[in-house]
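**Q** curious how this folds, go ahead:
(2 chains)
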2 protein chains.
Amino acid sequence: MQKQSSGEELLATRNMDLHILDHRLRVTSISKNGLVNFTHPLIKLIFLRNRTRCKFFSLTETPENYTVVLDEEGFKELRPSEHLQVESAIWLPLNVVSNGSASSSSQAVGVTKIAKSVIAPLAQQHVSVFMLSTYQTDFILVKEKDLSVVVSTLEEEFNIYKEEGGESVPVHCQDVSNGLHKNGREGTAIQPTVHPVLIPKNQFCVMSLDPDTLPSIATTLIDVLFYSSSPKEDPQPSPSQDCVKFFSFSLIDGYISLVMDTEAQRQFPADLLFTSSSGELWRMVRIGGQPLGFDECGIVAQISQPLADSDISAYYISTFSFDHALANLTVIKQLLHYLPSRKHCTKSLKRT
Amino acid sequence: MQKQSSGEELLATRNMDLHILDHRLRVTSISKNGLVNFTHPLIKLIFLRNRTRCKFFSLTETPENYTVVLDEEGFKELRPSEHLQVESAIWLPLNVVSNGSASSSSQAVGVTKIAKSVIAPLAQQHVSVFMLSTYQTDFILVKEKDLSVVVSTLEEEFNIYKEEGGESVPVHCQDVSNGLHKNGREGTAIQPTVHPVLIPKNQFCVMSLDPDTLPSIATTLIDVLFYSSSPKEDPQPSPSQDCVKFFSFSLIDGYISLVMDTEAQRQFPADLLFTSSSGELWRMVRIGGQPLGFDECGIVAQISQPLADSDISAYYISTFSFDHALANLTVIKQLLHYLPSRKHCTKSLKRT
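**A** Have a look, this model is predicted:
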């Protein structure tokens, strides 16, 4: 695999561990109108840690819907409803960890680091991934049924561990497969699909918060997450038509990550949320004109490969309908040259 | 009216104003199971003042249900549901205000002050009242259709004002009636109904909070109000069987009042909630074995008259199903001698 990798890159990745985390995840979508019916369980999952066993929770608002990714303990809290769509697969989160050696040459953050070592090989094996970048790390979600392919694809470059009950157990291909460990299409060239892209005008920040101070921002966070569509008594200037609603909150293994635009950021107290390099702002490219579905592969690879070539930081967040990459605007514009087609890049946001 | 009033009492009440507040209220009940469907509007009404025009909001949890009393702006937020019961009347809150003279001889707080001047005369006129004591004051809710009777009954002893758009307008009997201003049963002796009473073992406190610090207790308040029936991961010792769930929150014209037992109080930070005389604890008597309905009158009068005779402080909170008086335990026990019957006072809490 990855015959084009230079010796240096190979060395870097060999010093990396891949952890299959001990969470069995569901990817769900709550309709905009249906949010009121899910306020009770969602507030419990976000704020009341001693009332739930859920350890992996992510909620992302987009113009289309609310994407909720959560483990089975969390999923139990969501009552079946016409407003809740549930992707059929069980997803497992993978996480790349530098195993202590300082030989990684990349200074970039986010999805860039794993583009060549994880995302490109999985795309070549036709494994679809659901990406969730957070302030702390990048989670690569793969379907449980693809696990044997994932392990056989990545075990040459990674030490692979499966976390089970707090222990990290080494995993090899034979542990997870019954002989059929490839999708059977190895080496087939990726046939890139042309997706319209959109670059909204808002600027985003990727932030974190001490979980102990979460109560301090509770009412603000509740307001932004659950009431942003309600009219205010003291109306704010409405956001530009060229901006797109995007707000992501995750609470994963006790770590909080928030992605929000500068307009939302202004509503939070400045002293509680922190970002790695202060004031770092990102632009977004949204990929997809029609919902992307969960079977297509190679979308993240198309975006992340050129970023990795230039060692440029980027975050990547998949939602139920679309994918979203966050990077420097100049980078995003360059990126579009690498995509199969640029002709749709000014397509209207309105889905038909 | 009140021929038995001494000259001194009459003097005291003549120095009092009665305000008919500018709120048209609905008295509603949300079933225990239905609370999840109302979490979204209730959290908005409690915490997000700039998203609602509601100025009068009260939520009281009892073992039977959640009683929500709120103005028409707040009521708009509650969607019709099988879990929502709405009392048919529009209720108007009355409030007694000392008009600056210091001639009131009573040192007692709560419903005691208004027992003889308001509650007894209204009971004699067969006007049913719904009482809502708060940390700040006592609201006497009367049905809008009874307003002319209320004014004609109380205008001899009070200066009566109707608040309209921030102004206090003097009201006289002829302003609100068309000649028919009595219920037509004046002077009929009250036929007291025998209601079972119950004295749970929990001790209660009546507290307040600076509205600006409400966000600081948001997650705790949300936990107590909306999730107290959910199991906790670190289980607390379950409350005694002899205790009764009772928790009341009100946000009225910008003032917050909380009534909770000592077990709930322990969950809040000690430095934010305050009570007038620190550590003052109250016992409760709950009146009613079957739901009391909204037409019976004289219930509050039965309880408050002996309190007033002894000038003893007491709070009184009506809910959708039952009435609740808070007072010193010794007082409560004495009180039972005045009630029509004491034989039910150890009746089990369980409603059949």
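**Q** could you give the number of residues near A:Asp212?
**A** 7 (other CB atoms under 10 Å in any protein chain shown). C-beta here means a position set from N, CA and C on the backbone, and glycine is covered the same way.
**Q** three-state assignment of it?
**A** helix (DSSP: H, G, I helix; E, B strand; the rest coil).
**Q** pLDDT wise, what is it at?
**A** For A:Asp212, the pLDDT comes out at 93.
**Q** residue numbers of chain A in contact with chain B?
**A** Neighbours of chain B within chain A, by CB under 8 Å from any CB of the partner chain: A:35-37, A:39-41, A:43-44, A:47-53, A:214-216, A:218-220, A:222-223, A:226-227, A:230-234.
**Q** one more time with 7 Å, if that's ok
**A** Residues of chain A lying near chain B by CB under 7 Å from any CB of the partner chain: A:36-37, A:39-40, A:43-44, A:47-48, A:50-51, A:53, A:215, A:218-219, A:222-223, A:226-227, A:230, A:232-234.
**Q** quick one: low-confidence ranges for the stretch 251-352 of chain A?
**A** A:277-279, A:338-352 (pLDDT under 70).
**Q** quick one: the helices in it?
**A** A:262-265, A:299-310, A:329-338 (DSSP state H, counting those that start in this stretch).
**Q** same question for the stretch 101-250 of chain A.
**A** A:112-114, A:120-124, A:147-154, A:173-176, A:218-226.
**Q** buried deepest among those, which one?
**A** Of all the helices of the stretch 101-250 of chain A, helix A:112-114 has the most neighbours on average by mean count of other CB atoms under 10 Å in any protein chain shown, namely a mean of 26.
**Q** just the strands in the stretch 201-350 of chain A please.
**A** Assigned by DSSP state E, counting those that start in this stretch, the strands in the stretch 201-350 of chain A fall at A:204-209, A:247-252, A:255-261, A:283-287, A:315-318, A:323-327.
**Q** and B:Ile20, which of the ones you listed is closest to it?
**A** strand A:247-252 (44.6 Å; CB to CB).
**Q** quick check: angle from that closest one to strand A:323-327?
**A** 90 degrees (axes from the mean of the first three to the mean of the last three CA atoms, to 10 degrees).
**Q** quick one, strand A:247-252 and strand A:255-261 angle?
**A** 170 degrees.
**Q** contacting residues around strand A:247-252?
**A** With contacts defined as CB atoms under 7 Å, 6 or more residues apart in numbering or on different chains, strand A:247-252 is touched by A:46, A:56-61, A:134, A:224-225, A:257-260, A:264, A:317.
**Q** now do stretch A:159-169: distance to the chain's middle.
**A** 22 Å (CA atoms, centre = their mean, to the nearest Å).
**Q** can you name the residues in contact with that stretch?
**A** Counting by CB under 7 Å, 6+ apart, A:Asp17, A:Leu18, A:His19, A:Ile20, A:Leu21, A:Asp22, A:Asn99, A:Val151, A:Leu154, A:Pro170, A:Val171 sit against stretch A:159-169.
**Q** who's the fourth one bridged to?
**A** In this case it means A:Ile20. Legend: beta-bridge partners of A:Ile20 under DSSP bridges are A:Leu94, A:Lys162.
**Q** tell me, how many residues neighbour it?
**A** A:Ile20, neighbours per other CB under 10 Å, totals 23.
**Q** surely A:Ser152 touches A:Cys173?
**A** Yes. Counting by CB atoms under 7 Å, A:Cys173 is a contact partner of A:Ser152 at 4.3 Å.
**Q** give me the phi and psi for the residue lying closest to A:Lys245 once chain neighbours are set aside.
**A** Of all residues not flanking A:Lys245 in the chain, A:Pro63 sits nearest, at 5.1 Å (CB to CB, 6 or more residues apart in numbering or on different chains). Main-chain torsions, A:Pro63, degrees, to the nearest 10: phi -60, psi -20.
**Q** cool, thanks, talk later.
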